[in-house]
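Novice: sequence and predicted structure are below.
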Amino acid sequence: MSRIYFDNAATTALDSEVLDAMMPFLTEKFGNPSSVYSYGRETKLAIENARKTVAKILNCTPAEIFFTSGGTESTNTAINAAVRDLGCKHIITSPLEHHATLHTVEHMEHFGHATLSYVKLTDKGHIDMADLEQQLANSNTKTLVTLMHANNEIGNIMDIKAVGELCRKYDAIFHSDTVQTVGHYPFDLKNTYVHFINGAGHKFHGPKGVGMLYVNENVLGSIKPYLTGGAQERNMRAGTENLYGIVGFAKALELATARYEQDSTYINELKQYMADRLKEHFSGVTYNGDTRGNSLYTVLNVSFPMNEKTDMLLFNLDIAGICVSGGSACTSGASSVSHVIKAIYNGQSAQMVPIRFSFCRHNTKEEVDAVVEKLKTLI
């Protein structure tokens with residue numbers, strides 16, 4: 001069997017058109033964007049054109065877009081800025097967040113920079129909006145709400161506009177980790193109450209090592225750099241710009257936006273097809289999260305009953321040339337159950353083996369059938 005790649009929520013293959021857009025800046029257009037001579041002005045223009053492209057797609061101003069090394073840096077920058085620069089003394093988050101968020105807010109609490117609370121979850125793993133409002137109403141200090149738009153492990157999608165309106169009502173700062181949705185869903189930031197969102201190019205067929213941070217213009221003037229030591233990114237992020245990465249990010253986002261209707265329909269059909277095939281052939285299979293409801297079209301998280309045949313399932317799939325994960329990319333190949341699965345089942349997850357299948361436009365029904373057939377031989 002040739003290799004089957006069903007781990008696109010971890011990273012995606014670089015699109016050939018994106019590579020073509022990047023190549024000139026990997027070869028002859030190599031000038032430092034901060035230099036004053038023509039080589040530098042040429043590459044500086046490429047970055048600013050990329051910024052305009054991203055801003056237009058997200059419906060915000062170019063001044064609100066900053067390029068970073070990826071989603072993790074963007075999340076760290078946003079949370080630190082909210083606490084340090086915007087005066088947030090309390091943070092509300094969820095136990096399902098990516099570790100880029102969880103470890104950062106835990107750090108804030110540990111060093112006494114802010115208090116921390118976790119919003120309750122519904123039985124399907126969604127944010128309990130009533131509990132969120134109650135926590136906001138009871139907070140007697142400036143509050144940061146940091147909740148992901150879509151969960152990278154189970155795929156649940158949060159109503160970002162509804163959460164934003166609650167934050168507006170209680171004058172809270174709102175950061176949403178949108179790494180799994182930028183490049184996969186349309187955004188209208190001018191009409192969404194949110195102060196920070198972030199994206200990572202490699203989640204939508206762009207290059208690794210480049211991301212973006214949106215900072216709403218209403219708080220932009222109060223934000224200080226997270227990385228210091230240079231005047232790049234309009235004095236907001238020190239360090240020589242990842243020129244070809246930024247060009248690739250913008251091109252990948254442009255292509256993903258143009259293909260959204262076509263790709264989302266196709267990939268969702270593929271996801272539902274696999275869900276049906278698994279239910280048809282394996283007893284005891286359950287789905288984690290709101291699989292048939294408000295969920296990413298790219299992610300299917302499945303639990304197989306724990307037994308002697310499923311105990312090494314991730315490992316055996318890998319040996320068979322099938323790339324999947326047990327959760328986020330941080331735990332790919334690990335046998336321990338992820339913090340997300342533990343949280344949605346209140347720790348009662350010891351008797352299940354969760355597997356995340358995540359899809360892109362390159363995947364096929366034939367690949368799904370091949371994986372199901374291989375699972376039959378393993379389980």
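Specialist: The structure has been received and is ready for your questions.
Novice: give the next helix or strand downstream of the helix or strand hosting Thr257.
Specialist: Taking DSSP states H and E as the criterion, the element that holds Thr257 is helix 243-258. Elements were assigned by DSSP H and E; along the chain past helix 243-258, the next helix or strand is helix 260-281.
Novice: can you list contacts of the helix or strand following that following helix?
Specialist: In the C-terminal direction, the helix or strand that comes right after helix 260-281 (DSSP H and E) is strand 286-287. For strand 286-287, contacts defined as C-beta atoms under 8 Å, 6 or more residues apart in numbering pick out Ala275, Leu300, Asn301, Val302, Ser303, Met352. Placement of C-beta: from N, CA and C, glycine included.
Novice: what about 10 Å?
Specialist: Residues from elsewhere that reach strand 286-287, judged by C-beta atoms under 10 Å, 6 or more residues apart in numbering: 124, 154-155, 275, 278-279, 295, 300-305, 352, 354.
Novice: list the strands paired with that strand, with their directions.
Specialist: Note on strand 286-287: by DSSP bridges, its sheet partners are strand 299-305 (antiparallel).
Novice: average pLDDT for the strand it pairs with?
Specialist: Average pLDDT, strand 299-305: 95.
Novice: packing partners of the helix or strand following it?
Specialist: Using DSSP H and E, the helix or strand that directly follows strand 299-305 along the chain is helix 313-319. Using 3 or more C-beta pairs under 10 Å, 6 or more residues apart in numbering; DSSP states H and E as the contact definition, the elements that helix 313-319 packs against are strand 322-323, strand 352-358, helix 365-378.
Novice: now these in CSV, with mean neighbour count and mean pLDDT?
Specialist: Compiled in CSV, those are given as follows (neighbours: other C-beta atoms under 10 Å; pLDDT from 0 to 100):
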stretch, mean neighbour count, mean pLDDT
strand 322-323, 20, 97
strand 352-358, 24, 94
helix 365-378, 15, 97
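Novice: select, out of these, the one closest to Ile246.
Specialist: Proximity to Ile246 (C-beta to C-beta) singles out strand 352-358 among the helices and strands packed on helix 313-319, at 25.4 Å.
Novice: now that closest one - C-alpha only, PDB.
Specialist: The C-alpha trace of strand 352-358 is given here as PDB (Å, rounded to 0.1, in the frame of the first residue of the first chain):
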ATOM      1  CA  MET A 352     -11.200   4.200  24.300                       C
ATOM      2  CA  VAL A 353      -8.600   4.700  21.500                       C
ATOM      3  CA  PRO A 354      -9.200   8.000  19.800                       C
ATOM      4  CA  ILE A 355      -8.000   8.500  16.300                       C
ATOM      5  CA  ARG A 356      -8.100  11.700  14.400                       C
ATOM      6  CA  PHE A 357      -8.600  11.500  10.600                       C
ATOM      7  CA  SER A 358      -8.200  14.900   8.900                       C
END
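Novice: now the angle between helix 365-378 and that strand, please.
Specialist: Relative orientation of strand 352-358 with respect to helix 365-378: 160 degrees, computed using axes from the mean of the first three to the mean of the last three C-alpha atoms, to 10 degrees.
Novice: tell me how far the residue nearest to Leu189 when sequence neighbours are not counted lies from Lys44.
Specialist: Distances taken as C-beta to C-beta, 6 or more residues apart in numbering put Cys60 closest to Leu189, at 4.1 Å, once the chain neighbours are dropped. Applying C-beta to C-beta, to the nearest Å, the value for Cys60 to Lys44 is 21 Å.
Novice: higher neighbour count, those two?
Specialist: Neighbours of Cys60 and Lys44, each counted by other C-beta atoms under 10 Å, are more numerous for Cys60; the result is 21 against 18.
Novice: and the more buried one, what are its phi and psi?
Specialist: Comment: the main-chain dihedrals of Cys60 come out as phi -140, psi -170, following degrees, to the nearest 10.
Novice: and His175, by the same measure?
Specialist: Its backbone dihedrals place His175 at phi -120, psi 130, with angles given as degrees, to the nearest 10.
Novice: follow-up on the earlier one: filter the contacts of strand 286-287 to the buried ones?
Specialist: Among those, those classed as buried by neighbour count (16 or more other C-beta atoms under 10 Å) are 124, 154-155, 275, 278, 295, 300-304, 352, 354.
Novice: tabulate those residues (JSON lines), appending distance to Val179.
Specialist: Formatted as JSON lines, the entries for the buried ones among the contacts of strand 286-287 read as follows, by distance: C-beta to C-beta, whole Å:
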{"residue": "Lys124", "distance to Val179": "21"}
{"residue": "Ile154", "distance to Val179": "15"}
{"residue": "Gly155", "distance to Val179": "13"}
{"residue": "Ala275", "distance to Val179": "23"}
{"residue": "Leu278", "distance to Val179": "26"}
{"residue": "Ser295", "distance to Val179": "16"}
{"residue": "Leu300", "distance to Val179": "18"}
{"residue": "Asn301", "distance to Val179": "17"}
{"residue": "Val302", "distance to Val179": "22"}
{"residue": "Ser303", "distance to Val179": "24"}
{"residue": "Phe304", "distance to Val179": "27"}
{"residue": "Met352", "distance to Val179": "26"}
{"residue": "Pro354", "distance to Val179": "20"}
